[in-house]
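Engineer: I would like to see how this sequence folds:
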Amino acid sequence: MTYTAEIPQPVTLPPRYFWRRLEAFTIDLIIFQAVILLVVSHISATFYLDFRFPGWASMWCGVTVPDQLAQRIDAGWPLRGNEYRETSICEVTQIALGKQRYLRTGAAEDTEHWVWNDMPTFPLDAHNNPVTTPLPAYSILVSGVANTVLVAWAFAYFSANGRRTIGKLFAGLKVQSVDGQNPGIGTTFKREFLKFSPNLFFSVTAFVFSLLPILPTEDFDTLLRMMRDGYTIPDDGGTGYYVLLTVAAMAWWLLPFVEWKGQVYYDRICACKVVTTLEASRPIEARTKQNRPRIYRRLAPIRGSRRRRRRAYLQAPY
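Structural biologist: As a prediction, this is how the structure comes out:
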């Protein structure tokens, strides 16, 4: 009995489709985020709600400053002969926090052009006293989590049960499970939630930073005198730490494409993959045969013909 040695079949990884996936992601993110921001802007303008989206916050600054507070500011920050002061109280209605009042004050020097100093903002308590202690940024945390969940749900809904987002439709891509089936809404939401998890980390970090003190003193009168002498409240917001967070987020999204193992991290966790629509339309058996190494597909007819010739040789009469 003769044994035919089997040729080892190297494992072939599916293509990355990096640029096509980047194109689809960019198109979908712009569309979904624009729709969310437009809705939020309309609600914010109608009900004076501050959702803490950059450039989309609604604030009304027409409240009269009480005389007692104005006298306190004048005493702590007396004006020079060529200076002009502007003080106002702004009201913002924030989600889960109700109506919040903020004091804005600053001075401008009368030169050829008005040169304004920084106008810091201080929260006011119920008795119109400025609050200089750290205040938890619940609105930033809530709006960041809500925005991430809404975007993830939009991606998940249009990727579940055989559907495709507009970006994937243009790029010719589709999300499938590793067994070739169409994932349900639960799997796709888990996948998209993990994809946008760095955004949640950003929101939580911003909330943690809001708990840290940034002012050198909690006495408002002392702080006014310091600002009169040229002190400016720092507003870096932990720039260095946010840079590290950005690098970590880019590693979460891009590192799997550099060290390609067939799936990105969140696809590996959710047992999903991204395929082209042409590949998704093929039967699973045809896909398995097509994914065999090219050299094996080329040698298969030759190996088969050799076996047929050997069988015919052994069966031939002497």
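
Engineer: Would you map the strands across the protein?
Structural biologist: For the chain, the strands defined by DSSP state E occupy 49-50, 60-63, 83-94, 98-109, 115-116, 121-124, 173-177, 272-276.

Engineer: Look at Cys270 and say how many residues are nearby.
Structural biologist: Counted with other Cβ atoms under 10 Å, residues neighbouring Cys270 total 23. For every residue, glycine as well, the C-beta is placed using N, CA and C.

Engineer: any weak-confidence spans in the stretch 51-200 of the chain?
Structural biologist: Residue ranges of the stretch 51-200 of the chain with pLDDT under 70: 51-59, 63, 93-98, 110-118.

Engineer: picking that back up, of all the strands of the chain, which one comes closest to Asp219?
Structural biologist: Closest approach to Asp219 among the strands of the chain (Cβ to Cβ): strand 121-124, 12.3 Å.

Engineer: still on that earlier bit, can I get the strands of the chain in a markdown table with distance to Ser159 and mean neighbour count?
Structural biologist: A markdown table is the format used below for the strands of the chain (distance: least, Cβ to Cβ, whole Å; neighbours: other Cβ atoms under 10 Å):
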| stretch | distance to Ser159 | mean neighbour count |
| --- | --- | --- |
| strand 49-50 | 30 | 18 |
| strand 60-63 | 40 | 11 |
| strand 83-94 | 33 | 16 |
| strand 98-109 | 38 | 16 |
| strand 115-116 | 49 | 12 |
| strand 121-124 | 41 | 16 |
| strand 173-177 | 5 | 21 |
| strand 272-276 | 9 | 20 |
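
Engineer: TSV please, covering those strands and showing distance to Leu69.
Structural biologist: TSV is the format used below for these (distance: least, Cβ to Cβ, whole Å):
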stretch	distance to Leu69
strand 49-50	22
strand 60-63	11
strand 83-94	8
strand 98-109	7
strand 115-116	20
strand 121-124	8
strand 173-177	57
strand 272-276	58
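
Engineer: Of the ones you listed, give the one that comes closest to Val145.
Structural biologist: strand 83-94 (14.5 Å).

Engineer: which residues touch Phe201?
Structural biologist: When contacts are counted by Cβ atoms under 8 Å, 6 or more residues apart in numbering, Phe201 is found next to 245, 248-249.
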